[in-house]
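Chemist: please work out how this folds:
(one chain, ligands or ions: 1)
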Amino acid sequence: MEITNVGVRLVTGTSDRLKAFCTITIDDSFVVRDLKVVDGPNGLFVAMPSRKRTQRCPRCSHKNEVRARYCNECAAELPPERGDRTHDGKPASHTDIAHPINSECRELIQRCVLEAYDREAEEFQTPVSTHGEEEPPTTTPPPPSPPSPPSPTTTTRPSPSAPPGDDDAFGAGIL
Ligand SMILES: [Zn+2]
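Modeler: Predicted structure coming up:
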């Protein structure tokens, strides 16, 4: 199996642990969306696409979160949920939609996704770090940017950081 393409959409402007959404293509044939790059206690890791689990109220059929004890709609007491459990014995709140079933595959996906994420994150940071300034305080998040547009403006963009060549250029156009 080969990961033939990885798309990365950075999540910026928040201090959240969620860093990016990713889409992978397997063997040029099968696409899986909504993988997440998450900043965990042991560093970045890749979370598989998942959905919130629900259970239906036996009285009114309203869909409730699996950890709810009473129905949100009719307040009936809900029976204990018998599905997946987390390590501490509580019902798992989310379930994976697609996931690897061996560590070899998990590591392959993780490696490909994190490499693509690193490239994307580096590219994103390059324009704001040219002067080596301090990072802005976390209370003023950078403005959200559109997802990696092509950059047709590179040839027309003025370069304010370019110093004047010599004394001849002094006062030529800079006031
Ligand atoms: Zn109900």
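Chemist: okay, CA-based contacts and neighbour counts for the rest of this
Modeler: Noted.
Chemist: now do residue 68 against the ion, distance only.
Modeler: 11 Å (C-alpha to the ion, to the nearest Å).
Chemist: helix, strand or coil for that residue?
Modeler: Under DSSP: H, G, I helix; E, B strand; the rest coil, residue 68 falls in the coil class.
Chemist: so which strand or helix has the residue lying closest to residue 21 once chain neighbours are set aside?
Modeler: Distances taken as C-alpha to C-alpha, 6 or more residues apart in numbering put residue 36 closest to residue 21, at 4.6 Å, once the chain neighbours are dropped. Here residue 36, judged by DSSP states H and E, is contained in strand 30-40.
Chemist: residue contacts, the residue nearest in space to the middle of the chain?
Modeler: When C-alpha atoms, centre = their mean is applied to the chain, the residue found nearest the centroid is residue 20 (1.5 Å). Residues near residue 20 by C-alpha atoms under 8 Å, 6 or more residues apart in numbering: 8-11, 36-38, 117.
Chemist: swap the cut-off to 6 Å and go again
Modeler: Residues near residue 20 by C-alpha atoms under 6 Å, 6 or more residues apart in numbering: 9-11, 36-37.
Chemist: re earlier: contacting residues for the residue nearest to residue 21?
Modeler: Contact analysis of residue 36 by C-alpha under 6 Å, 6+ apart lists 20-22, 46-47.
Chemist: can we see that at 8 Å?
Modeler: Contacts of residue 36 (C-alpha under 8 Å, 6+ apart): 18-22, 46-49.
Chemist: what do you get for residue 24?
Modeler: Residue 24 is in contact with 3-7, 31-33, 35, 113, counting by C-alpha under 8 Å, 6+ apart.
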